[in-house]
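*Asks:* Test case, fold it:
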Amino acid sequence: MVKRLLATILTCSPILLFSQSIQLGLGAEGNLNNVIVNPDSKSVIGTTWGDTLHFKHQSVTMPFSYKIPIFFRYKMNNGLWFELNYATENINIESTGDANHPDEVLADWVNEYLVQDLWPEYDAMYNGNPNYGLDTITQTEFLEQYWSAAFQKEYDFWNEKFTYLQRTSYNSLGIQIGYTFLRTKKIRPFISTGFTWSSQKHKYQLKSLSYSADSKNYTEFNNYYDLLQEMPELNHNLFFVSLNLGMEIHKMRFGISARTTINSLEQSKFEIERLTQDQTLKMMWSLGAYANFSLFDFNLRDAGDRKKLKDDELKVLGDYKEKKKKIKLSVGLDLPFYTDISNHFEQTNPDSASLSWYTNEGEEWPIIENVWIYHQKAVLEPDEVNSTIEDNAYSEIIALGNIKMIRQFPQLSFNMEYEPVDWFSMETKIGYQFNEIHTQGRYIFQKISYFELYDSLGNFEGWDYYSDESMRPIVFRETFHNISIAERLNFKFTVVPGFMIGFSGGAKANLFLPGKFRIDEVNYNNIDLLSDFNDYWTNGNNDKNWVDYEDYTNGMYYDDYNFFYFDEMVIQSDQLGDYIDFEQTFNDVGEDQRMSNFKNKINFTWMAGIDFYFERLRFNIYTEGAITDINFLYRDYLSVGMGIHYYIRK
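*Replies:* Sure, this is the predicted structure:
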């Protein structure tokens, strides 16, 4: 009865006729994206033989994207409104096409083959020969007749398919100016236009390329790690203009939108070092649909008006005051917009931390990563060509480098707060969050085949060998389910009735449970060695008998799995150049830096934030940092974000 009486008074109060207000709420938006590209664009890569490869982007697509914006809207009493919104959005590009030598190079090869090899044979045996029913033709006519078919055959022989993927996440800050029609009706149409600035998030860009030419013995292209540098890269800052139409029903809004970029979609070639001169990506445009909900409407009044309203309420209600609850319950959503996690490579990475891997042709591939996953085996296998037995040694190395992508989904939480006095409360927070961490690395494969040499009389002369090497980029993607419990202390003070400001601090315990090991994208986890290591690292499965290097033992025929890292490496030299003294390096690794299953699952963080209280709504800006490392691979956690909490019991 008291609540109904209070509601009637507030509704009839003439003070509420002042209709300017501030709204705070959440939304959801999905966009069908389209990309406009340069039809003649190509990426260029140099080879070890001084030639070039052209990667022609024949199909470039931009998948569907979505975002969950937080908006702050100021509404005027004449129907005009202004909105400030923030969201994160993943914008990805996928490209497929053909990789081949330049057309002019292929044309030179075709001309050389036709003129020097095929024409003399044709002219001598077939040209004008009545046995074949052929007329006499000139060399020019011969070239005109056979050149197209010969060029296509040459093109098809050297041609290889490639798939390129770039994943990028942006922090988006937008402003909207709109007008609402029929403001006294239940359904109120509106129109708006706006501008959005999207800036690439910290450690949230990753490029991956699938390309293989092993069937053509392309030894000059085996090291195609640098191919990524020549691929088109999304601009680090994108600027959009948009037009929106929709309708408003109570606190809900539904609408459709159209947007387009007004700056270059591709990062300028002057800002990244690469050979490619073409701009592949020109612009993007999107059609989308969205819905949002106003969690809180705050009518603008000065402090005097609010005090007068409170006095009027007390006159009607007498001395009645509803008893405040000391136990408060709320649900929350925390959205991180900046997250940084480093790893062992980023922390140590001294200039001397470089392994020079030499190929069979003497080419040097410098490797600077210092966290290694290693598999080596030696087996006897039949040589089908020579009908003999070969002694084959296989080596696989995965060298993990920089963390290129940290993907944190919004954290959902349930909170219980004990408030003994108006200005202080203690809060317990139980949360869930899904995380992905993508570490870029290199996969190196080497096969060395030893075989016996015999003279013409069948006498054994000794041993010889040949080797095949390749190196390509990979992505180690780990997923985690983070279940946390936090304790916070909240301090707050009243600015005006219905609005409070406060600050908070506390600590949180995080339990990390392994997620699915996904291999559904280009070069993501698609190495058996990574799958084996992940099974050992996250699930404790040691079927492969993983050991660290200090326990490494060798035999005549073996199949060994190892993991190791180095803080400081011992460098030796020989006629090929510098190399790492593995035995000395690994023996110096301290036991306190070994991998730990406990550190792999639990860590502790601190929290601090600024809070704004609007009746049943709490909006906060927070930061969170590591007290202990997440695990051996991931260290020095720091996150900044914003959160919205709604009190279901206040």
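*Asks:* can you give me the strands in the stretch 551-650 of the chain?
*Replies:* 559-565, 571-574, 577-580, 602-614, 617-626, 635-649 (DSSP state E, counting those that start in this stretch).
*Asks:* pLDDT below threshold where in the stretch 351-500 of the chain?
*Replies:* The stretch 351-500 of the chain contains residues with pLDDT under 70 at 351-370, 380-390, 463, 465-466.
*Asks:* So which residues of it form helices?
*Replies:* For the stretch 351-500 of the chain, applying DSSP state H, counting those that start in this stretch gives no helices.
*Asks:* try the stretch 101-250 of the chain
*Replies:* Using DSSP H, counting those that start in this stretch, helices in the stretch 101-250 of the chain cover 103-112, 119-125, 139-158.
*Asks:* Could you export the strands of the stretch 551-650 of the chain to TSV, including columns for mean pLDDT?
*Replies:* Output for the strands of the stretch 551-650 of the chain, formatted as TSV (pLDDT from 0 to 100):
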stretch	mean pLDDT
strand 559-565	73
strand 571-574	50
strand 577-580	48
strand 602-614	92
strand 617-626	92
strand 635-649	89
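*Asks:* between those strands, which gets nearest to Lys508?
*Replies:* Closest to Lys508 of these is strand 602-614 (CB to CB; 4.9 Å). For the C-beta atoms, the positions are set from N, CA and C on the backbone; glycine is no exception.
*Asks:* neighbouring contacts of that closest one?
*Replies:* Residues from elsewhere that reach strand 602-614, judged by CB atoms under 8 Å, 6 or more residues apart in numbering: 24, 296, 298, 486, 488, 490, 492, 498-512, 618-631, 637, 643.
*Asks:* and the angle for it with strand 617-626?
*Replies:* Angle of strand 602-614 versus strand 617-626, following axes from the mean of the first three to the mean of the last three CA atoms, to 10 degrees, is 150 degrees.
*Asks:* Which positions in strand 602-614 come out as buried?
*Replies:* Neighbour counts over strand 602-614 (16 or more other CB atoms under 10 Å) mark 603, 605, 607, 609, 611-614 as buried.
*Asks:* quick one: which of those residues is nearest to Ser470?
*Replies:* Set against Ser470, the nearest of the buried residues of strand 602-614 by CB to CB is Asn603 (37.1 Å).
*Asks:* Is the closest one bridged to anything, and to what?
*Replies:* Taking DSSP bridges as the rule, Asn603 bridges to Asn510.
*Asks:* Would you mind measuring from it to His236?
*Replies:* Asn603 sits 31 Å away from His236, taking CB to CB, to the nearest Å as the criterion.
*Asks:* go on, Ile45?
*Replies:* According to CB to CB, Ile45 and His236 sit 23 Å apart.
*Asks:* ditto for Ile485
*Replies:* Here Ile485 is placed at a distance of 37 Å from His236 (CB to CB).
*Asks:* Just send the buried residues of strand 602-614 back as TSV, with distance to Gln166 too.
*Replies:* Formatted as TSV, these follow (distance: CB to CB, whole Å):
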residue	distance to Gln166
Asn603	31
Thr605	31
Met607	33
Gly609	34
Asp611	38
Phe612	37
Tyr613	42
Phe614	40
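*Asks:* buried stuff in the particular helix or strand that has Ile93 in it?
*Replies:* Per DSSP states H and E: Ile93 is located in strand 80-100. Buried residues in strand 80-100, defined by neighbour count with 16+ other CB under 10 Å: 81, 83, 85-100.
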